[in-house]
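[1] Output the structure for:
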Amino acid sequence: MPDDALSQFTQSNEEMPYFAALGKFIVIYAMAEGSIHELTRYLIGINEAKSRILLSGSRIGDVETRLRGLLQLSRLGRTKRQIIDHCLRQFDILGKQRDKLVHRFVAYRYGRFAITNVLTAKSIASLEQEILTKKDLENMECDCGTIFLCFAHISGHLDPKQLNEPLRTALHSSWLYKLPQLQNKRKASRQRIAQALARPPQS
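    Reported below is the predicted structural model:
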């Protein structure tokens, strides 16, 4: 491949902080995902080796389903149940955004990421596009960190005295990231999507 063709995949100095924020979110999301496994193993109530075998190879959605079922049988207090429920709800929102970021076409344009399924949509009618800012990514990272800390605390790995703010955030659903309104372009075309990606944000 010619050097000039490869240049389009090279990050500029302007883009680097945005891709760094994207990378940090993906890393902390994986930590939050791991904490769901950890909490589920804790609630199963058998030795860790056996509980790891039971969850081995499970998709995160399946682990969440088992976790919610175990909550119905556990002796956890009401507050901890609420925290777990609120964390799982936010994790599902973050997970959907994470999946889009790793499976869809993502382009940096004018201080934001444009995300579209233009390359994989089954039809023109199902084309979607949405925008994520650097602040969105930072907020999603922080929410993942909160989820990780809350689940680590409930699993007995962290001192609750160090977790006043994360626990309060989860309990009251005071999440930093809010899901944007999806822009579903039912009459869109590849050309119109491309134009939207190239268009600078309006002030």
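[2] Against Gly23, how distant is Leu119?
    Taking CB to CB, to the nearest Å as the measure, Leu119 falls 22 Å from Gly23. From N, CA and C alone the C-beta is placed, and that goes for glycine too.
[3] cool, and Gly57?
    26 Å.
[4] Of the two, which one has the most company?
    Gly23 (12 against 6; other CB atoms under 10 Å).
[5] any idea how far that one lies from Leu101?
    Distance from Gly23 to Leu101, counting by CB to CB: 10 Å.
[6] Next, the contact list for Lys134, please.
    17-18, 21, 111-112 (CB atoms under 8 Å, 6 or more residues apart in numbering).
[7] Quick check: which of the residues you listed has the minimum pLDDT.
    Lowest pLDDT within those is found at Gly111 (88).
[8] what's the burial count for that one?
    13.
[9] In this structure it contacts Ile131, no?
    No: counting by CB atoms under 8 Å, Gly111 does not reach Ile131; the two are 10.2 Å apart.
[10] Show me the shaky parts of this protein.
    1-11, 47, 51, 54-55, 160-162, 181-203 (pLDDT under 70).
[11] ranges for the helices of it?
    3-6, 16-44, 48-55, 60-73, 78-103, 134-154, 164-171, 190-198 (DSSP state H).
[12] Which one of these lies nearest to Tyr177?
    helix 134-154 (4.1 Å; CB to CB).
[13] roughly how far is that closest one from the heart of the chain?
    A distance of 9 Å separates the centroid of the chain from that of helix 134-154, by CA atoms, centre = their mean, to the nearest Å.
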